[in-house]
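# Next input, structure requested:
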Amino acid sequence: MNITTSLPVLLLVDDDPLIAETLAFVLRKHFDVLLADSAEQAMALLRAAPVAPGLALVDLGLPPDPHVPTAGFKLIGDLLAFRPDLKVVVLSGQNGEANARHARALGAIEFVAKPCAPDVILAALSRALNLMQWEGRAAGAAEHSALIGDSPPLQRLRGMIRQFAQTPFPVLIEGESGTGKELVARGLHDAGAGPERPYLVFNCAAIAPSLAEAALFGHARGAFTGAAQSKGGYFEDAGDGTLFLDEIGELPLELQAKLLRVLETGDFQRVGETQVRYSRARIVAATNRDLREESRQGRFRADLYHRLSVFTIDMPPLRALGADKMLLLAHFRERYVQQAGLPPFELDDSAKQAWLDYPFPGNVRELRNIVIRLTAKYPGRTIGQAELQGEFDLVAPPHQLVEAAVKPAAARTEPPLVERAMAELQAAPGFSLDGMLKAWERGYIEAAMRLANGNVSQAAKLLGINRTTLYGRIGGEQKLS
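You can find the predicted model right below:
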């Protein structure tokens, strides 16, 4: 793999050799192309690339089963875990509207259906490149200034940041992808160590396991092939600031023991050295996995989990933030219309209600991408509900499924939904809508799994969602294995 030009770097992932080579031939006039035929090869290329790609063009139908979009959907999530600002364009023959919407919900910015002319692909990649440049110009203090929102969950979150920032102990930030965990980590640093001290981010998913130890702890000269001189790692470079360990659930088991030692004693050694060094950095970690379940399954050290979670912050999903969705809409709309030099779009009343009702399974990342698309497609226009819902990953709730699973037919005498809700609200002054929604979601998922005898694919069909969506709802594929 040689990247020798100043062209933008593009990762192209397609398992059809003819399509891949043809696309690579056309696109190499405009991009430095890294070519992969599987998700595994794509991630290996990313980790080894001397210049990290800013763009990815991904087919959904990838090995081991190219006839379904499962591997492609998972790859979108893995790519964005590796580099959250990567711009993913999907090019796929599995071009059903549901697949397009779900790919966008996962974080892809565009979906291009096969077959298509090369100029269509180039136009989509050009828009992605323009977006990269917009965001590059906007990067800085404004990008990390604050959490946007006034809802009770956001107010509680700000209170926890203020409370935990002044302590030296580790903080574990848990929550779904796209909820803004790095914003919270940065907030803890700014309110604690202070913005003048170092703040470093180490993405545990973005580096090969064989290189992670040297990256974290540093290495001595000659410690391995290519180590021409001694070099410090993230723990040294963080000094008395903050080291944010993103995607901590991806850290290899053999490194977890060494991280635990640093957390307990502060001691570590560079690779190839015997000299003991000491870290003063405050550790903040983040994950979208259920580390308790990972510990029970032997994939994450229980002692490390307990050490990392001295303080725990549970990120609220966007669906729980109510009217904050409108504040986020206004925030991103203002940002992108300024960058694009376009007049702002507006939502009519029906579209505003649809915006508030939509659960945003991809959280703030999905909301931001929808705003970007609306800015480009409807400059200066008023958008109605029909146009807006074309951007959503709509999943109809299977209301009859839970009744079928947990009640005999003769016992199904539930009152209408509104009457039942009124009765419950009157009977329970401490009612929590968030808790009720989570309980219903757990109930539907458990019912579907029982009906499907544990078959995840069949359960997803019963629920009317994609298999990868089901994985995301219950905490990851490993939780089901």
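# Just the strands from the stretch 201-350 of the chain, written as ranges.
242-246, 267-268, 277-278, 282-287, 311-314, 346-347 (DSSP state E, counting those that start in this stretch).
# so how many other residues sit close to residue 121?
If you count neighbours by other C-beta atoms under 10 Å, residue 121 ends up with 19. Just so you know, the C-beta spots here come from the backbone N, C-alpha and C atoms, and that holds for glycine as well.
# what sits against it?
23, 26, 27, 57, 89, 91, 112 (C-beta atoms under 8 Å, 6 or more residues apart in numbering).
# Next, it: secondary structure please.
helix (DSSP: H, G, I helix; E, B strand; the rest coil).
# ok so, going back, point out the one among the strands of the stretch 201-350 of the chain that comes closest to residue 324.
Each of the strands of the stretch 201-350 of the chain has some distance to residue 324 by C-beta to C-beta; the shortest is strand 346-347, at 15.5 Å.
# Now tell me which helix or strand of this structure has the poorest mean pLDDT.
helix 399-406 (a mean of 34; mean pLDDT, DSSP states H and E).
# Quick check: residue 387 vs residue 25, distance?
37 Å (C-beta to C-beta, to the nearest Å).
# Of these two, which one has the most company?
With neighbours defined as other C-beta under 10 Å, residue 387 and residue 25 compare such that residue 387 has more, 18 against 11.
# Now do the same for that one: helix, strand or coil?
Secondary structure assignment for residue 387 (three-state DSSP): helix.
# And the pLDDT at the closest residue to it other than its chain neighbours?
Take residue 387 and drop its neighbours on the chain: the residue closest to it by C-beta to C-beta, 6 or more residues apart in numbering is residue 378, 7.0 Å away. On the pLDDT scale, residue 378 is placed at 94.
# again with residue 235
pLDDT for residue 235: 95.
# I'd assumed residue 215 was in contact with it.
No. Residue 235 is not in contact with residue 215 according to C-beta atoms under 8 Å; the separation is 9.9 Å.
# the more surrounded of the two?
Counted by other C-beta under 10 Å, residue 235 and residue 215 do not tie: residue 235 has more neighbours, with 25 against 18.
# Any figure for the gap between that one and residue 269?
11 Å.
# Filter the contacts of residue 121 down to the buried ones.
Buried by 16 or more other C-beta atoms under 10 Å: 23, 27, 57, 89, 91, 112, out of the contacts of residue 121.
# Give me the subset of the residues you listed that lies in helices.
By the criterion of DSSP state H, membership of those in helices covers 23, 27.
# Farthest-apart pair in the buried ones among the contacts of residue 121, please.
The most widely separated members of those, counting by C-beta to C-beta, are 27 and 112 (13.0 Å).
# Contact partners for the nearest residue to residue 269 once chain neighbours are set aside?
Of all residues not flanking residue 269 in the chain, residue 276 sits nearest, at 6.0 Å (C-beta to C-beta, 6+ apart). By C-beta under 8 Å, 6+ apart, the contact list for residue 276 reads 267, 268, 269.
# Where does pLDDT dip in the stretch 301-450 of the chain?
394-432, 435-436, 439, 450 (pLDDT under 70).
# Can you show me the helices along the stretch 101-250 of the chain?
In the stretch 101-250 of the chain, the segments counted as helices under DSSP state H, counting those that start in this stretch are 118-138, 152-165, 181-191, 209-217, 234-237.
# any idea how far residue 207 is from residue 173?
Counting by C-beta to C-beta - residue 173 and residue 207 are separated by 20 Å.
# Which of these two has more residues huddled nearby?
Neighbour tally, residue 173 and residue 207, criterion other C-beta under 10 Å: the higher count belongs to residue 173, 27 against 19.
# okay, now the closest residue to the more buried one other than its chain neighbours: neighbour count?
Spatial nearest neighbour of residue 173, excluding adjacent residues (C-beta to C-beta, 6+ apart): residue 286 at 4.2 Å. Counted with other C-beta under 10 Å, the neighbours of residue 286 add up to 25.
# Ok, the one 5 residues further on next?
Neighbourhood size, residue 291 [other C-beta under 10 Å]: 24.
# Equivalent analysis for residue 305, please.
Neighbour number of residue 305 under other C-beta under 10 Å is 20.
# thinking it is in contact with residue 289, fair?
No. With contact defined as C-beta under 8 Å, residue 305 does not reach residue 289; the gap is 10.6 Å.
# how close does the closest residue to residue 176 other than its chain neighbours sit to residue 327?
Spatial nearest neighbour of residue 176, excluding adjacent residues (C-beta to C-beta, 6+ apart): residue 317 at 5.3 Å. Using C-beta to C-beta, residue 317 is found at 16 Å from residue 327.
# go on, residue 185?
Distance from residue 185 to residue 327, by C-beta to C-beta: 22 Å.
# which residues does the residue most central in space within the chain contact?
Geometric centre of the chain, nearest residue: residue 177, 3.3 Å, by C-alpha atoms, centre = their mean. Listed by C-beta under 8 Å, 6+ apart, the contact partners of residue 177 are 77, 80, 81, 107, 288, 362, 363, 365, 472.
# Compute the number of surrounding residues for residue 236.
Neighbour count of residue 236, defined by other C-beta under 10 Å: 18.
# And the residue lying closest to it once chain neighbours are set aside, what's its pLDDT?
Nearest residue to residue 236 in three dimensions, chain neighbours excluded: residue 218, at 5.8 Å (C-beta to C-beta, 6+ apart). pLDDT, residue 218: 93.
# neighbours around residue 119, how many?
Neighbourhood size, residue 119 [other C-beta under 10 Å]: 10.
# again with residue 188
With other C-beta under 10 Å as criterion, residue 188 counts 26.
# Name the nearest residue to it, ignoring sequence neighbours.
That would be residue 165: by C-beta to C-beta, 6+ apart, it lies 5.0 Å from residue 188.
# same question, residue 68
The shortest distance from residue 68 to any non-neighbouring residue, by C-beta to C-beta, 6+ apart, is to residue 61 (7.2 Å).
# mind checking the SS state of that neighbour?
Counting by three-state DSSP, the backbone at residue 61 sits in coil.
# Please apply the same query to the one 5 residues further on.
Here residue 66 takes the coil state, with states given by three-state DSSP.
# Distance check, it against residue 14.
Residue 66 sits 10 Å away from residue 14, going by C-beta to C-beta.
# Same check on residue 42?
Distance, residue 42 to residue 14, by C-beta to C-beta: 10 Å.
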